[in-house]
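Asks: next input, structure requested:
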Amino acid sequence: MNHKITLFTKYWKNCSINELCDKIKELGFDSIEYPFRAGFQVNPDNYMEKTEEFVCALKNHGITVDSVACELSEASFYFAGAVGARCLRIMLPISIDEDYMTAVKAWTDKINSFVPLCKKYNVKIAVQNHCGKYIYTTMELRNLLDGCDKDWVGASWDCAHSGLAGEMPEHAISLVMDRILMINMVAAYYKREDLSGKAFYFPCFTTARYGNCDWRRVVRYLLHHDFEGVYCMHAEYADIENTETNTILDRNYLDTVLEEEGYYKLL
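Replies: Predicted structure coming up:
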């Protein structure tokens, strides 16, 4: 089985370009998802000046960019094309004041309007399921994807947010298996807090073994359906101070699961 494990570098926002590259290698990765967002090393305000420097630093460190987390814009496509990324990862907010189906139709039309840029820069669009006021459940994601160009638009399926939705990973993945561009390896559960005499439940991001979604079941299903693609580690933890320690811990766990489940598949 062929697969790639990438690292989302959102946590390392305050590093310089060279410091970021050094950190990526220190953590044991050679491919990343890069956040093309305000305040990061290369962003929508400085990309015309900084992209070449970024590309050179990546090359010197032996690092590739597989995906770019961003908003839909020509600047995002240009940057992704320049760094050699396969796809843009986006999330689609839907206000509670909007009619849901009307909002989905609007998003479908908007995404399809960017297909010419997909072709121009040879970059696909990966839509992620995300809890809260977004396209949330995997069925919602499937409903959206059915209206989008299947050659250029696919799924960035997220373990944590599927788990927060209470989904069985096997059922959820089966809904978008034919459209998956990448798998987001994240873990979360709902934490209860009592505020002003009322209970509220908030997503709490944790290490792989403690989230609502079982990573082993995810990997097992994917391998048994011949998935040979990208697993992106999001390095998102409520325990922020131990982000790097937890990232290494979860990477080692994912490597172990991939090895064990790949072996079992051959039996």
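Asks: please compute how far the helix or strand encompassing Tyr78 lies from its chain's middle.
Replies: Assessed by DSSP states H and E, Tyr78 sits inside helix 74-83. Remark: helix 74-83 is offset 17 Å from the chain centroid, using CA atoms, centre = their mean, to the nearest Å.
Asks: can you give me the helices in the stretch 101-250 of the chain?
Replies: Counting by DSSP state H, counting those that start in this stretch, the stretch 101-250 of the chain has helices at residues 115-121, 138-145, 159-164, 169-176, 215-224, 243-266.
Asks: list the contacts of stretch 157-171.
Replies: Stretch 157-171 has contacts (CB atoms under 8 Å, 6 or more residues apart in numbering) with 128-131, 136-138, 141, 172-173, 176, 180, 182-190, 203, 205, 211-215, 217-218, 221, 234, 236. Every C-beta, even on glycine, is put in place using the N, C-alpha and C of the backbone.
Asks: before we move on, back to that, any chance of the helices of the stretch 101-250 of the chain in CSV, with distance to Ile96 too?
Replies: Converted to CSV, the helices of the stretch 101-250 of the chain look like this (distance: least, CB to CB, whole Å):
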stretch, distance to Ile96
helix 115-121, 29
helix 138-145, 14
helix 159-164, 17
helix 169-176, 23
helix 215-224, 30
helix 243-266, 31
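Asks: which of these sits most buried?
Replies: Comparing those on average neighbours per residue, with mean count of other CB atoms under 10 Å, the densest one is helix 159-164 at a mean of 26.
Asks: select, out of the helices of the stretch 101-250 of the chain, the one closest to Lys13.
Replies: helix 243-266 (11.7 Å; CB to CB).
Asks: tell me the average confidence for the closest one?
Replies: The average pLDDT within helix 243-266 is 92.
Asks: and the nearest residue to Trp107 once chain neighbours are set aside, how far from Ala238?
Replies: Computed as CB to CB, 6 or more residues apart in numbering, the closest residue to Trp107 that is not its neighbour in sequence is Leu92, at 5.0 Å. To Ala238, Leu92 is 25 Å away according to CB to CB, to the nearest Å.
Asks: the two: who's more crowded?
Replies: The neighbour comparison of Leu92 against Ala238 (other CB atoms under 10 Å) goes to Leu92, with 23 against 14.
Asks: list the contacts of Thr9.
Replies: Going by CB under 8 Å, 6+ apart, Thr9 touches 20, 24, 32-35, 235.
Asks: including neighbour count and secondary structure, could those go into a markdown table?
Replies: As requested, these are exported to a markdown table (neighbours: other CB atoms under 10 Å; DSSP: H, G, I helix; E, B strand; the rest coil):
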| residue | neighbour count | secondary structure |
| --- | --- | --- |
| Leu20 | 24 | helix |
| Ile24 | 22 | helix |
| Ile32 | 25 | strand |
| Glu33 | 26 | strand |
| Tyr34 | 27 | strand |
| Pro35 | 21 | strand |
| Ala235 | 23 | coil |
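Asks: helix or strand with the lowest mean pLDDT in this protein?
Replies: Across the helices and strands of the chain, mean pLDDT, DSSP states H and E gives its lowest value to helix 243-266, namely a mean of 92.
Asks: same for that helix, what does it pack against?
Replies: Identification of packing neighbours for helix 243-266 by 3 or more CB pairs under 8 Å, 6 or more residues apart in numbering; DSSP states H and E yields strand 4-8, helix 215-224, strand 230-233.
Asks: so where is this protein shaky, pLDDT-wise?
Replies: Along the chain, segments meeting pLDDT under 70 span 1, 263-267.
Asks: grab the nearest non-local neighbour of the most centrally placed residue in it.
Replies: Geometric centre of the chain, nearest residue: Asn184, 4.4 Å, by CA atoms, centre = their mean. Closest residue in space to Asn184, ignoring its immediate chain neighbours: Asp158 at 4.0 Å, by CB to CB, 6+ apart.
Asks: how far away is that neighbour from Val68?
Replies: Distance from Asp158 to Val68, counting by CB to CB: 16 Å.
Asks: pretty sure Phe77 contacts Leu117?
Replies: Yes - counting by CB atoms under 8 Å, Phe77 touches Leu117, with 4.5 Å between them.
Asks: quote the end-to-end distance of stretch 18-38.
Replies: Chord length of stretch 18-38, first to last residue, is 19 Å (CA to CA, to the nearest Å).
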